[in-house]
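**Q** Sequence first, predicted model second:
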Amino acid sequence: MFQIHVPSLRPLTTAHLAQTMTLLCLPVGELRQQIEAELASNPALELVEERRCPSCHRLLPDQGHCPICSAPATDLMDEPIIYLSPRDEFYDGPRSSGGEGDLPEDNFSATWEELPTYVLRQIAPDLEGDERKVAAYLLTNLDEDGLLAIPLVEVVRYLHVPLSMVEKVQRLIQHADPVGVGSGSPREALLVQMDVLEEVGSTIPRLARPIVIEGMDLLSRRLYGDLARKFHAPLSQVHKAVQFISDNLYPFPARSHWGDVRQPSGAQLNVYHHPDILIGYYNEDPEKPLVVEIITPIAGTLRVNPMFRKAVQSADEEMKESWREDIEKASLFVKCLQQRNYTIQRLIQKVVMFQRGYILQGEKYLRPLTRAQLSRELGVHESTISRAVANKTVQLPNRRIVPLSAFFDRSMNVRSVLKEMIADEARPLSDAELADMLADRGFQVARRTVAKYRAMEGILPAHLRMGVMAKSL
DNA sequence: CTATGGCACGGATT
DNA sequence: AATCCGTGCCATAG
């Protein structure tokens, strides 16, 4: 394996420890802000350029060749290649296309540049005069989810056009391809989508609108009983509406689906912007070993500026004192960052090797793993692992972005098998029956737990799956 | 009576 | 010490 050069480390002071711990928790994005702030405020800190591989533009180790372009030994298939990759190379490819085989386009920046122009092209013919200006402005203010990031009144103030015009343009945008794009909120997006569906002749369940308008919070917490009570309707009606909503509508127009709303108890929708770690194949070739990129928050290495150090010696007494402090702080900061990198590298290496099956073949092959186990293996304290895992996300070879904590999910494999069983069931199976079947396959879980897993996966209970079956028969 | 969800408890995990 | 997770019990819907 490609060895990372790690200078001597060992926490030295309690201050060091404390700062290491905080930094360890931070995802790249926030770490970058920290570093920039530090860099700006501390003259002793210096950013050094690093060598890049001429052909792939990746970071090179202190000596030697590019770990990616120089062919890796073939007998090391099990060991992932690990290297650091500066943040500006962030890959922001097509979102959760889900499909396995689809190859990534090499055009990294394409996706988010294109949504606005894509929409604009559709609505351009319907615009006249100032409306173009408005459309362009609105479209440049979409967030990653395809929702409008600014209030309409701001557009009015900024462009000096009547609100009615802005609203008209927004309506046009909302009806363009990712239906609901440019809405101010998920709720609004859902309503627009229902309108459009109705226009093309779909029937909307009676309760769908009221639920979206007034019951979003209950809906997201899956409190269907409460919904039924609130609207004085039978539970079955609520289930129908819910089924319809999750089948046909999506609250974040720029994302393909919202199927990943895990955690029934209220955990908000997962929004993973940029991963902290990328896992892919060498040369995108599934035959080749895995390559793990750990995203570094900035390009280059931080160090204490040697010039500054020299300058201090010949400074007058007064300045010396405060500059000395700067140097102390700077070197501490650098050490902490190295510590952070070192921990994450060792962690991810172990995790990738242990969860190889999951990475390559999917959820079914996730092996139960606890942070405690890993901490023993790495010889660090449990809380270190906890912190290192916290708030980080990983992009898998199939381009799905998952939280790093997913690698420590105790029941994902069972849930996955359960999903599979339900997917190709001949008739709707009750939770008890499913529990038995799981036991046959070696998963001992209580009936009650099957129900919970179902809920987590957003699968309706047996008697409500009947309808779907009947239709397809 | 059966299937399922809410609530709450206890042990494991963080 | 705080949180998460699997489970048992019980109420409720069908």
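**A** Sure, I can see it.

**Q** Can you get me a residue count around A:Arg121?
**A** 12 (other C-beta atoms under 10 Å). Placement of C-beta: from N, CA and C, glycine included.

**Q** Where does it fall, secondary structure wise?
**A** helix A:110-123 (DSSP states H and E).

**Q** Check A:Glu318 too.
**A** Going by DSSP H and E, A:Glu318 is in helix A:317-354.

**Q** what comes up buried for that helix?
**A** Using 16 or more other C-beta atoms under 10 Å as the test for burial, helix A:317-354 gives A:323, A:326-327, A:329-341, A:343-352, A:354.

**Q** And stretch A:390-399, by the same measure?
**A** Those would be A:391-399, for stretch A:390-399 by 16+ other C-beta under 10 Å.

**Q** Figure out how far that stretch is from the centre of its chain.
**A** Centroid displacement of stretch A:390-399 relative to its chain, using C-alpha atoms, centre = their mean, to the nearest Å, is 6 Å.

**Q** on that earlier part again, check whether the helix holding A:Glu318 contacts DNA strand B.
**A** No. Applying C-beta under 7 Å from any atom of the strand, one finds helix A:317-354 separated from DNA strand B by no less than 12.2 Å.

**Q** hmm, who's touching whichever helix or strand comes after that helix?
**A** Sequence order places helix A:356-361 as the next helix or strand after helix A:317-354, per DSSP H and E. Contacting residues not belonging to helix A:356-361 are listed as A:78, A:279, A:290, A:352, A:365-367, A:396-397, A:407 [C-beta atoms under 8 Å, 6 or more residues apart in numbering].

**Q** Save those as CSV, and put in distance to A:Pro297, pLDDT and secondary structure too.
**A** What follows is those, written out as CSV (distance: C-beta to C-beta, whole Å; pLDDT from 0 to 100; DSSP: H, G, I helix; E, B strand; the rest coil):
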residue, distance to A:Pro297, pLDDT, secondary structure
A:Asp78, 29, 62, coil
A:Ile279, 19, 89, strand
A:Leu290, 23, 84, strand
A:Val352, 21, 93, helix
A:Tyr365, 32, 94, helix
A:Leu366, 28, 94, coil
A:Arg367, 31, 94, coil
A:Leu396, 21, 86, coil
A:Pro397, 23, 83, coil
A:Phe407, 22, 96, helix
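
**Q** now, which of those sits nearest A:Arg448?
**A** A:Leu366 (22.2 Å; C-beta to C-beta).

**Q** Let me see the contact set for the closest one.
**A** A:355, A:357-358, A:406-407, A:409, A:412-413, A:416.

**Q** all helices for the stretch 101-250 of chain A, in order.
**A** A:110-123, A:130-140, A:152-159, A:163-174, A:186-199, A:208-214, A:216-220, A:224-230, A:235-248 (DSSP state H, counting those that start in this stretch).

**Q** wait, which of those is closest to A:Val312?
**A** Distance to A:Val312, taken as C-beta to C-beta, is lowest for helix A:110-123 among those, at 45.3 Å.

**Q** Endpoint to endpoint, stretch A:219-226 covers what distance?
**A** End-to-end distance for stretch A:219-226, by C-alpha to C-alpha, to the nearest Å: 9 Å.

**Q** Would you list the phi and psi of A:Pro428?
**A** In terms of degrees, to the nearest 10, the main-chain angles of A:Pro428 are phi -60, psi 120.

**Q** Counting neighbours, what do you get for it?
**A** 17.

**Q** how about the residues of chain A that lie near DNA strand C?
**A** Residues of chain A lying near DNA strand C (C-beta under 7 Å from any atom of the strand): A:234-236, A:263, A:409-411, A:444-449, A:452, A:463.

**Q** hmm, which of these are the buried ones?
**A** Burial by neighbour count, judged by 16+ other C-beta under 10 Å, picks out A:409, A:411, A:445, A:449 from the residues of chain A next to DNA strand C.

**Q** The last one - nearest residue in space that isn't next to it in sequence?
**A** What that stands for is A:Thr449. The shortest distance from A:Thr449 to any non-neighbouring residue, by C-beta to C-beta, 6 or more residues apart in numbering, is to A:Ala435 (7.6 Å).

**Q** Which strand or helix spans the one you found?
**A** Assigned by DSSP H and E, A:Ala435 falls in helix A:431-440.

**Q** which residues of the stretch 1-150 of chain A score low on pLDDT?
**A** The model of the stretch 1-150 of chain A has pLDDT under 70 over residues A:1-13, A:51-78, A:85-114, A:118, A:144.

**Q** Would you pull up the residue in it closest to DNA strand B?
**A** Nearest residue of the stretch 1-150 of chain A to DNA strand B: A:Cys25, at 10.9 Å (C-beta to the nearest atom of the strand).

**Q** who's in contact with that residue?
**A** Contacts of A:Cys25 by C-beta under 8 Å, 6+ apart are A:387, A:390-391.

**Q** hang on, the earlier thing: pick out whichever of the contacts of A:Leu366 sits closest to DNA strand B.
**A** Distance to DNA strand B, by C-beta to the nearest atom of the strand, is smallest for A:Asp409 among the contacts of A:Leu366, at 9.1 Å.

**Q** Torsion angles phi and psi at the closest one?
**A** With angles defined as degrees, to the nearest 10, A:Asp409 sits at phi -80, psi 130.

**Q** which residues touch A:Asp126?
**A** A:Asp126 touches A:Leu172, counting by C-beta under 8 Å, 6+ apart.

**Q** tell me the angle of the next helix or strand after the helix holding A:Ala435 relative to helix A:431-440?
**A** Following helix A:431-440 in sequence order, the next helix or strand is helix A:447-457 (DSSP H and E). Per axes from the mean of the first three to the mean of the last three C-alpha atoms, to 10 degrees, the angle that helix A:447-457 makes with helix A:431-440 is 100 degrees.

**Q** Wondering if helix A:447-457 reaches DNA strand B at all.
**A** Yes. Counting by C-beta under 7 Å from any atom of the strand, DNA strand B is contacted by helix A:447-457 at A:447-448, A:451, A:454-455.
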